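Undergrad: this one's sequence-less:
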C-alpha cells in the first residue's frame, strides 16, 4: 500500500490529520489548475478551498483504483467550469484577468528573468529582462484567449502531465474530444504566438 | 496503404506528447518524411509547445498555502474520529495537532464513551434493565459475587484467538494448500470487531495486560483478514512470523487471565468466597 493510499484509507475512516496531509500535498497543484482555468488569482484561491471541501464531502465515494490527483482535478475542472458559467451569466462580457501583474512577491518576474536568461544569451541584461516579461505576458494572453474547455485540456496535458485518457476521465468527455480540443488549442497557441515564430520556429 | 494527411493530423496530439501507439509510429514518421505540409505544421506545433515551457506558472502565495488548512478546516464538518492503527505498516507520516477547540475534544470524549458503553452493552450482554449495576449494591442485596463480565469476555476472546492462531502456526507445508483460509478470515474479522469493543471496555488498571494482548492480536488478525485468498500463499508465513515475533501465544496465559477476570476490581470491597 502506498503512502498516499494509506492516507486516503485513514481519511476515509475520519482521520482529519490524514486528510490534512492529502490537502497539503496537492493544494498547490489544484491552485495552479484553477488559476489556468479561471485566469484569476482570487477565484483560484477560493475555488481551491471549495475543491477540498467537495473532496472531503465525497471522500467515501473515492475508489482505491482511482488516482487521488486525477480525482481532485476532476472536481477542480467541474467547479471552474461551473464558476465560469455563473460569471458569464453575471457579466455578458467575461474579462480575463491574467493575474500576472498583481503578484505581490514578484516571483513570476524573477522566474521570468531566469527563464529568459537561458534562451537569449546574445542580448544585454535589461533587454533580456524586458523581453522575458513580455514573453510571459504574451504566453498568458495566448492562454487566456483559449476557450475554457481547450484551456483545461491543454493545462492538464501540458502542465499537469495527465495522459489523454486520464483527461477524458477527468473531464468526463470522450478521448477523441480531448484530442480535438488539444489540437485546436495547439493551433490557436501557434497563431497567437506567431510573433515569436523566428525565435521558436522549427529550425531555431 | 500510405497514411493520409487527415489521419496524420489526427495523430498530432498523441505524437506531440509521446502517446502515439507503437504500431502507428512508423507509419506516422513515414508520412511526415514524405509530406512537407504535415511535417512543417507538426514541427511548428512542437516548437510552440517548447515555447510554452518557458511560461512561469503562477505560484500560490506563501500566505495562501500557510493558512490554507486553517481556513479549510474551519469549513469542514466537525466530528473527528480517532484513527485506528493500520497494519500494513511501513508508511508513516508526521502529525501536527489540528486546531480544534478544547470543548470539541470534551464533547468527542463523552460521545466516544457513550458509544463504547452502548456497544459494550449491546455486544457483550450488559446488565438487563432493572438489575442493579453497582457491585456494592449487589453485595448489599446479598447477591453472589460474579466474575467481571468484561474480563470474562476478554478471556473468551483470547482463547478463541489463540485457538485460531495455533491452528495456523502449526500448519505445515503439506497442509497449507488444503487450508480453507476464508473461514479463518471470517473468524478473524469477527474477532477484530469484538476487539474494538473490548479495548474500550477494558479500562481498569488490572485489565491493561489483557488490553495490550488484544491490541497485539488485532494486528495479526488484521493481517490475516487482509490476506488474498490463495491457497499456500506466503502470506500465511507472514502471519506465522508475526505470531512468533510477538511471542503472542506464550503471552496468552489463559489461567492467568482467568485469575484476573475473577479478581475483584480494585475499587470494590474484597469478595470473601474466592
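TA: Ah, there it is. Just so we're clear, the structure is a prediction, and the values are computed from it rather than from any experiment. Numbering: from 1, shown residues only, chains lettered A, B, ... in the order given.

Undergrad: Residue B:37: neighbour count?
TA: 10 (other C-beta atoms under 10 Å in any protein chain shown). Heads up, the C-betas are built off the backbone N, CA and C, glycines and all.

Undergrad: go on, the one 5 residues further on?
TA: Per other C-beta under 10 Å, the neighbour tally for residue B:42 reads 21.

Undergrad: State the distance from it to residue A:84.
TA: 32 Å (C-beta to C-beta, to the nearest Å).

Undergrad: Equivalent analysis for residue A:53, please.
TA: For residue A:53 relative to residue A:84 (C-beta to C-beta), the value is 19 Å.

Undergrad: Check residue A:164 too.
TA: 23 Å.

Undergrad: after the lowest-mean-pLDDT helix or strand in chain A comes which helix or strand?
TA: None of the helices or strands of chain A scores lower by mean pLDDT, DSSP states H and E than helix A:107-119, at a mean of 38. Beyond helix A:107-119 in the direction of the C-terminus, DSSP states H and E gives the next helix or strand as helix A:125-144.

Undergrad: Okay, buried residues for that next one please.
TA: A:128-129, A:131-133, A:135-136, A:138-140, A:142-144 (16 or more other C-beta atoms under 10 Å in any protein chain shown).

Undergrad: Helices along chain A, start to end?
TA: With helices called from DSSP state H, chain A shows them at A:3-12, A:16-38, A:41-57, A:68-90, A:107-119, A:125-144, A:148-154, A:164-171, A:175-192, A:197-200.

Undergrad: Now for the residue most central in space within chain A: which residues touch it?
TA: In chain A, the centroid-proximal residue (C-alpha atoms, centre = their mean) is residue A:33; its distance is 2.6 Å. Residue A:33 makes contact with A:73, A:76-77, A:80, A:155-156, A:159-160, according to C-beta atoms under 8 Å, 6 or more residues apart in numbering or on different chains.

Undergrad: Give me the distance between it and residue B:152.
TA: On the measure of C-beta to C-beta, residue A:33 and residue B:152 end up 58 Å apart.

Undergrad: and if you look at residue A:184?
TA: Taken as C-beta to C-beta, the span from residue A:184 to residue B:152 is 73 Å.

Undergrad: quick revisit: farthest pair within the buried residues of helix A:125-144?
TA: Using C-beta to C-beta, these reach their maximum pairwise distance at A:128 and A:144, which is 24.5 Å.

Undergrad: Select only the buried ones of the contacts of residue A:33 in PyMOL?
TA: Applying 16+ other C-beta under 10 Å to the contacts of residue A:33, the buried members can be selected in PyMOL as follows:
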select buried, chain A and resi 73+76+77+80+155+156+159+160
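
Undergrad: hmm, which helix or strand of chain B has the shakiest average pLDDT?
TA: helix B:135-140 (a mean of 37).

Undergrad: how about the residue lying closest to residue B:45 once chain neighbours are set aside, what does it touch?
TA: Excluding its sequence neighbours, the residue lying closest to residue B:45 (C-beta to C-beta, 6 or more residues apart in numbering or on different chains) is residue A:186, at 5.0 Å. Contacts here follow C-beta under 8 Å, 6+ apart; on that basis residue A:186 touches A:154, B:12-13, B:16, B:45, B:48-49.

Undergrad: can we see that at 10 Å?
TA: By C-beta atoms under 10 Å, 6 or more residues apart in numbering or on different chains, residue A:186 lies in contact with A:146, A:150, A:154, A:157-158, B:12-13, B:16, B:41, B:44-46, B:48-49, B:52.

Undergrad: Next, give phi and psi for residue A:161.
TA: Here is the backbone geometry of residue A:161 (degrees, to the nearest 10): phi 60, psi 40.

Undergrad: ok, it - how many residues close by?
TA: By other C-beta under 10 Å, neighbour count at residue A:161 equals 10.

Undergrad: Tell me the spacing between it and residue B:72.
TA: Applying C-beta to C-beta, the value for residue A:161 to residue B:72 is 25 Å.

Undergrad: do the same with residue A:13
TA: 19 Å.

Undergrad: Counting neighbours, go ahead and name the busier of those two.
TA: Using other C-beta under 10 Å as the criterion, residue A:13 and residue B:72 rank with residue B:72 on top: 21 against 14.

Undergrad: thought that one was touching residue A:19?
TA: Yes - between residue B:72 and residue A:19 there is a contact under C-beta atoms under 10 Å: 9.2 Å.

Undergrad: what do the two both touch?
TA: Joint contacts of residue B:72 and residue A:19 (C-beta under 10 Å, 6+ apart) are A:52, A:56.

Undergrad: Tell me the spacing between residue B:23 and chain A.
TA: 17 Å (C-beta to the nearest C-beta, to the nearest Å).

Undergrad: the domain parsing of chain A - what is it?
TA: Using automatic domain parsing, the domain ranges for chain A come out as A:1-96, A:116-196.

Undergrad: How about chain B?
TA: Using automatic domain parsing, chain B is parsed into the domains B:5-41, B:102-140, B:149-262.

Undergrad: quick one: which of those has the weakest pLDDT on average?
TA: Lowest mean pLDDT within these: domain B:102-140, at a mean of 48.

Undergrad: so what's residue B:214 up against?
TA: Applying C-beta under 10 Å, 6+ apart, the residues contacting residue B:214 are B:154, B:157-158, B:161, B:191, B:194-196, B:198-199, B:202, B:207, B:221, B:252.

Undergrad: Buried only: go through those residues for me.
TA: Buried, going by 16+ other C-beta under 10 Å: B:154, B:157-158, B:161, B:191, B:194-195, B:198-199, B:202, B:207, B:221, B:252, out of those.

Undergrad: Please identify which of those residues is nearest to residue B:29.
TA: Distances from residue B:29 to the buried ones among the contacts of residue B:214, taken as C-beta to C-beta, are shortest for residue B:221 (57.9 Å).

Undergrad: which element is the closest one on?
TA: Using DSSP H and E, residue B:221 falls in helix B:208-226.

Undergrad: re earlier: quick one: pLDDT of the residue nearest to residue B:45?
TA: pLDDT, residue A:186: 97.

Undergrad: Run through chain A and note the low-pLDDT ranges.
TA: Counting by pLDDT under 70, the low-confidence segments of chain A come to A:1, A:92-126, A:198-204.

Undergrad: Kindly recompute the last result at 90.
TA: A:1-3, A:61, A:63-67, A:85-134, A:194-204 (pLDDT under 90).

Undergrad: Wait, residue B:209 touches residue B:261, no?
TA: No - assessed by C-beta under 10 Å, residue B:209 is found out of contact with residue B:261, at 11.5 Å.

Undergrad: Look up phi and psi at residue B:18.
TA: phi 50, psi 40.
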